[in-house]
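Chemist: Structure for the following, please:
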Amino acid sequence: MNISRRRFVAGSLAAAAAVRVPRVARGRVLGANEEILVGIVGLGGRGRGAHIPAFQKQDGVRVVALADPDRERLDLAAKMLEDKYGQKAEQYVDMRHMFDRRDIHCIGNATQNYWHGLSTIWACQAGKHVYVEKPLAHYIWEGRQMVNAARRYERIVQCGTQRRSQTSIAKAIQWIREGHLGKILYVTAFANKPRSSCGKRSTPLPIPESIDYDLWCGPARKVPIYRDRLQYDCSFDWNTGDGESCNQGVHEMDVARWCLDEGLPVRVMSIGGRFLFNDACNVPNTQIIYYDFPTAPVLYEVHNLRKAKGSSQMPDFRGERVGVVVDCEGGSVSLYRGIAWDRQGREVQRFSGGGDHFVNFIQAVRAGDRQLLNAEVEVGHLSTAVCHVGNISYRVGEVAPEEEQRQAVADIPVWAEMYERFVEHLKANEIDVDTATLGPWLKVDRRNECFVDHPEANRIVRGFYRKPYVVPDLSS
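Modeler: Below you'll find the predicted structure:
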């Protein structure tokens, strides 16, 4: 049923008060044939377009509740659920009221990045299993608390890095590990996705009355918005988002880390900038990152700008716009395309097979076994943390001249090669290379998931929270 105006106002007033943690509850074991009831929180493109269909199509699974601080999104999702599936759902502005329902077993968490941590922890405390979208957490420390919550409350938590359920990639990684192409030399991951400016208003963006803005901001700083869109573009502001190298990049870094069977890198460096747009967003739209892992380095590049000024084409890496390519002694493998080549460029192997990440989640929930998950919360945490350490190098960096940038990459041939592509791309777009930000080499304390001797970087590791929406410390 549609949410009433009275209920919406009541939810707003409740959110303005001190944050109430949902009741702490232990979830019971589900019977093999018992119907699994699901609540969805966050009803944008992923919530409406992916979570609702993915749960509703599974036998014995039903979406019964919806939550979002945007009343219009609530109504749209409820209408879609009823029109397409004949299923009515209770609506909630404040997700905590949904979490308090004893009949709900699982939460589909499609909130924005900065809400993933606290909302998942609340759901675990309320005894719910959670499928949470990527990137897992807005900060590294926060991701570890999500892992701690899953362990403490014995909850099954899947991260939405769905490539982990793609069998073609699993087959390719196994083939590489069997040594068919020899030792891995390095991995190149990349995302060439076109993005447009988020705009730069002279006056704050009006917030619709249908949105509980305090609840929408949650843990993030509650500030005026000067971009043109409130919702999706929040991914490109450090206050609420993590940039393309984490927003999209967590998929590629997750696959690369899977291939190498690694945790965090030993050290990291990033170079990049937000070029041409001059808008209200502040994350880089062109960026390169070097992750130094013990097994082999991973290099990541982001291009949100076109191939050149006036061009309609996007850059690519060996013919792919988004992907992961593993270079070995005896050839290379495109993990997304599922193709292996020898050193002469001849195709030597193909890999096929799909998979359903949501089905995998429900299977694990029915079995009560987190080890069945393809992207268990700690897997998602480590892959997201890798992306964060790369971004933190950029965030603590400074604008440096091209000569200084070149000196920083000169000692590592594959890093210098990626840098040349970076420079070529900037010049093709008539961008002054001297305006790029050079991040420092940051040494990573892999065990403690922070940096060695860099207080500024470690402040970002720990995160910033707006009271009373503070992520709890569950480390003890």
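Chemist: in the helix or strand hosting Met98, what's buried?
Modeler: Applying DSSP states H and E as the criterion places Met98 in helix 95-99. Applying a neighbour-count criterion of 16 or more other C-beta atoms under 10 Å, the buried positions in helix 95-99 are 95-99. Quick note: C-beta positions are derived from backbone N, CA and C, even for glycine.
Chemist: In this protein, where's the longest helix?
Modeler: In the chain, with assignment by DSSP state H, the single longest helix is helix 377-395.
Chemist: which residue of the protein sits farthest from its center?
Modeler: Each residue of the chain has a distance to the centre, and by C-alpha atoms, centre = their mean the biggest one is for Gln344: 36.1 Å.
Chemist: pLDDT value on that residue, please?
Modeler: Predicted confidence (pLDDT) for Gln344: 97.
Chemist: between the buried residues of helix 95-99, which is nearest Ser168?
Modeler: Met95 (35.5 Å; C-beta to C-beta).
Chemist: which residue ranges form the strands in the stretch 201-350 of the chain?
Modeler: Here the stretch 201-350 of the chain has its strands, by DSSP state E, counting those that start in this stretch, at 267-273, 286-292, 298-303, 322-328, 331-334, 339-342, 347-350.
Chemist: can you count the residues close to Ser312?
Modeler: Ser312 is flanked by 8 other residues according to other C-beta atoms under 10 Å.
Chemist: same question, Glu209
Modeler: Residue neighbour count, defined by other C-beta under 10 Å, stands at 11 for Glu209.
Chemist: confidence score at it?
Modeler: On the pLDDT scale, Glu209 is placed at 96.
Chemist: per-domain residue ranges of the protein.
Modeler: By the record's domain assignment, the chain is partitioned as 5-164, 167-213+233-354+377-462 (automatic domain parsing).
Chemist: for these, which one sits closest to Tyr469?
Modeler: Taking C-beta to C-beta as the measure, the domains of the chain were each checked against Tyr469, and domain 5-164 came out nearest at 5.7 Å.
Chemist: So for that closest one, mean pLDDT?
Modeler: The predicted confidence, averaged over domain 5-164, sits at 89.
Chemist: Identify the residues contacting the residue nearest the centre of the chain.
Modeler: Ranked by distance to the mean C-alpha position of the chain (C-alpha atoms, centre = their mean), the top residue is Pro135 at 1.7 Å. For Pro135, the set of contacting residues under the criterion of C-beta atoms under 8 Å, 6 or more residues apart in numbering consists of 113, 116, 242, 246-247, 250, 384, 387.
Chemist: burial count for the residue nearest to Tyr419 when sequence neighbours are not counted?
Modeler: Counting by C-beta to C-beta, 6 or more residues apart in numbering, Tyr419 lies nearest to Val409, which is 4.6 Å off, once chain neighbours are set aside. Burial measure for Val409: 21 neighbouring residues, criterion other C-beta under 10 Å.
Chemist: got it, and Asn448?
Modeler: Close neighbours of Asn448, defined as other C-beta under 10 Å, add up to 12.
Chemist: Am I right that it falls within a strand?
Modeler: No: Asn448: not assigned to a strand; according to DSSP: H, G, I helix; E, B strand; the rest coil it is coil.
Chemist: Begin at 876, not 1, for the rest of this chat.
Modeler: Sounds good: first residue 876 from here, last item Asn1323.
Chemist: where does it land on pLDDT?
Modeler: If you check Asn1323, the pLDDT there is 98.
Chemist: same check, this time on the one 4 residues further on
Modeler: In the prediction, the pLDDT value recorded for Val1327 is 98.
Chemist: before we move on, the earlier item: quick check: the residue farthest from the centre of the chain vs Gly1205, distance?
Modeler: According to C-beta to C-beta, to the nearest Å, Gln1219 and Gly1205 sit 10 Å apart.
Chemist: Check Ile1031 too.
Modeler: The span separating Ile1031 from Gly1205 equals 40 Å under the rule C-beta to C-beta.
Chemist: So which of the two has more stuff around it?
Modeler: Neighbour count, other C-beta under 10 Å: between Ile1031 and Gly1205, Ile1031 has more, with 26 against 15.
Chemist: That one touches Gln1238, doesn't it?
Modeler: No: counting by C-beta atoms under 8 Å, Ile1031 does not reach Gln1238; the two are 10.2 Å apart.
Chemist: How many neighbouring residues does the residue lying closest to Gly1124 once chain neighbours are set aside have?
Modeler: Sequence neighbours aside, Cys1262 is the residue nearest to Gly1124 in space, at 5.2 Å (criterion: C-beta to C-beta, 6+ apart). Here the number of neighbours of Cys1262 (other C-beta under 10 Å) works out to 29.
Chemist: List the contacts of Cys1262.
Modeler: The neighbours of Cys1262, taking C-beta under 8 Å, 6+ apart as the test, are 1010, 1117, 1120-1121, 1124-1125, 1128.
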